[in-house]
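A.B. asks: okay, here's the prediction I keep looking at, along with the sequence it came from:
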Amino acid sequence: MESIRAVVVDPNAQQRLAISKVQAPSPAPSEALVRVAAISLNLGELRRSMAAEAGARIGWDFAGTVERAATDGSGPRAGARVVGMLPLGAWAEMIAAPTVAIAQMPDSVSFAQASTLPVAGLTALYSLECNGSILGRKVLVTGASGGVGHIACQLAEHAGAYVVAVVRRAEREKHARDAGAHEVVVSEDSSPAAKFGPYHLVLESVGGASLSAGLSMLAAEGMCVLYGASGSSETTFDARAFYLKGGATIYGFILFHELRRQPASEGLARLLRLVAEGVLRPQIELEAPWTEISNVAHRFYNRGIAGKAVLLF
């Protein structure tokens, strides 16, 4: 097999994405060769594609079947159904995946469900654990109808937290309530959520006024985990009020940095068990053939899809 088809950056295509032939992968000893069955989209990788050079490979999340196990003996064996993530290039018919970045799927979990878990699921899981136990604590989740937010609400509620969700559109309130949020606020800046605070943990993905409001709502020893800035990358806040809370912190969360300490394989195994048990329900808004990548990516990038979009091979 000398070549495969993969999603690459094409400046002349819609959303700058097209399918093209590329060289087939050559796995390292610690990598498994995986035939991809499903991928899911994230805003982060689509934003990167807008500035990437022509021909650049795209994609983080994938689920598929191991064609050839890693030759060093690590990871799942040939024939195993797996889910995982790559720093780039996951959107292809065949990929070479490090065994520390994949986990074997239970039989009851579909490829589509599993493909939604790597970036969104691990971001939600690991960010919820940044400030210790949330049992009996108040947790605020902004962007709660999105991929990360929807999973975070479910995981936080399951862990025993009192969950307050923020969505920016009234029609998406239902998504947050279905995910287990005890209270839902419809707001651009999160400030109305103050009446339910203060919060032990704030998961913030909007930035701007939403981040400022989140910092103002922290309890003593509370933490704001910032993992995105979909609204604005700049903010102002009351520094004096913030430090007078005592022990409050803001944590910059980048998933690929967190994976140095907590391998994707471990977190994915935990998430897969929760899906198999019916505790975690991936929110798939759209499923389509992967050949429709440019059209689906355009809709997803422009917020025309709530939750996750999954493409099947």
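C.D. replies: Nice, thanks for sending it over.
A.B. asks: excluding chain neighbours, what is closest to residue 22?
C.D. replies: Spatial nearest neighbour of residue 22, excluding adjacent residues (C-beta to C-beta, 6 or more residues apart in numbering): residue 6 at 4.6 Å. (C-beta placed from N, C-alpha, C; glycine too.)
A.B. asks: for the one you found, what are its contacts?
C.D. replies: Residues near residue 6 by C-beta atoms under 8 Å, 6 or more residues apart in numbering: 19-22, 57, 89, 91-93.
A.B. asks: name the element residue 18 belongs to?
C.D. replies: Taking DSSP states H and E as the criterion, residue 18 maps to strand 17-23.
A.B. asks: check residue 150 too.
C.D. replies: helix 147-158.
A.B. asks: what residues sit buried inside the strand holding residue 18?
C.D. replies: Residues 17-19, 22 are the ones in strand 17-23 that count as buried (16 or more other C-beta atoms under 10 Å).
A.B. asks: same deal with stretch 194-210?
C.D. replies: Buried, per 16+ other C-beta under 10 Å, within stretch 194-210: 194, 196-210.
A.B. asks: what's the average pLDDT for that stretch?
C.D. replies: The average pLDDT for stretch 194-210 rounds to 96.
A.B. asks: which residues of the stretch 101-250 of the chain score low on pLDDT?
C.D. replies: By pLDDT under 70, the stretch 101-250 of the chain has no low-scoring segment.
A.B. asks: now the helices for it?
C.D. replies: Using DSSP state H, counting those that start in this stretch, the helices of the stretch 101-250 of the chain run over 111-115, 118-128, 147-158, 173-178, 208-216, 239-244.
A.B. asks: do a quick rundown of the strands in the stretch 151-300 of the chain.
C.D. replies: Using DSSP state E, counting those that start in this stretch, the strands of the stretch 151-300 of the chain run over residues 162-167, 183-186, 199-204, 218-226, 249-252, 284-289.
A.B. asks: check the offset of the helix or strand where residue 50 lies from the chain's centre.
C.D. replies: Following DSSP H and E, one finds residue 50 within helix 43-51. Centroid displacement of helix 43-51 relative to its chain, using C-alpha atoms, centre = their mean, to the nearest Å, is 14 Å.
A.B. asks: one more: stretch 181-195?
C.D. replies: Stretch 181-195 sits 22 Å away from the centroid of its parent chain (C-alpha atoms, centre = their mean).
A.B. asks: so what's the spatially closest residue to residue 102 that is not a sequence neighbour up against?
C.D. replies: Distances taken as C-beta to C-beta, 6+ apart place residue 84 nearest to residue 102, at 3.4 Å, with adjacent residues excluded. Counting by C-beta under 8 Å, 6+ apart, residue 84 makes contact with 34, 62-63, 90, 97, 101-103, 118, 264-265, 268.
A.B. asks: keeping just the C-alphas, turn stretch 210-227 into PDB.
C.D. replies: Extracted as PDB, the C-alpha positions of stretch 210-227 are listed here (Å, rounded to 0.1, in the frame of the first residue of the first chain):
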ATOM      1  CA  SER A 210     -17.400  35.600  30.200                       C
ATOM      2  CA  LEU A 211     -14.000  35.000  31.600                       C
ATOM      3  CA  SER A 212     -14.100  38.200  33.700                       C
ATOM      4  CA  ALA A 213     -17.500  37.200  35.100                       C
ATOM      5  CA  GLY A 214     -16.200  33.700  35.900                       C
ATOM      6  CA  LEU A 215     -13.200  35.000  37.800                       C
ATOM      7  CA  SER A 216     -15.500  37.200  39.900                       C
ATOM      8  CA  MET A 217     -17.700  34.200  40.800                       C
ATOM      9  CA  LEU A 218     -15.000  32.000  42.300                       C
ATOM     10  CA  ALA A 219     -15.100  30.900  45.900                       C
ATOM     11  CA  ALA A 220     -12.000  31.000  48.200                       C
ATOM     12  CA  GLU A 221      -9.600  28.300  46.900                       C
ATOM     13  CA  GLY A 222     -11.700  28.200  43.700                       C
ATOM     14  CA  MET A 223     -10.200  27.700  40.300                       C
ATOM     15  CA  CYS A 224     -11.000  28.900  36.800                       C
ATOM     16  CA  VAL A 225      -9.800  26.500  34.100                       C
ATOM     17  CA  LEU A 226      -9.400  28.300  30.900                       C
ATOM     18  CA  TYR A 227      -9.300  26.000  27.900                       C
END
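A.B. asks: mind listing what's buried along it?
C.D. replies: Quick answer for stretch 210-227 (16+ other C-beta under 10 Å): 210-219, 222-227.
A.B. asks: what's the local residue count around the closest residue to residue 98 other than its chain neighbours?
C.D. replies: Leaving aside its chain neighbours, residue 98 sits nearest to residue 31 (5.4 Å; criterion: C-beta to C-beta, 6+ apart). Using other C-beta atoms under 10 Å, residue 31 has 24 neighbouring residues.
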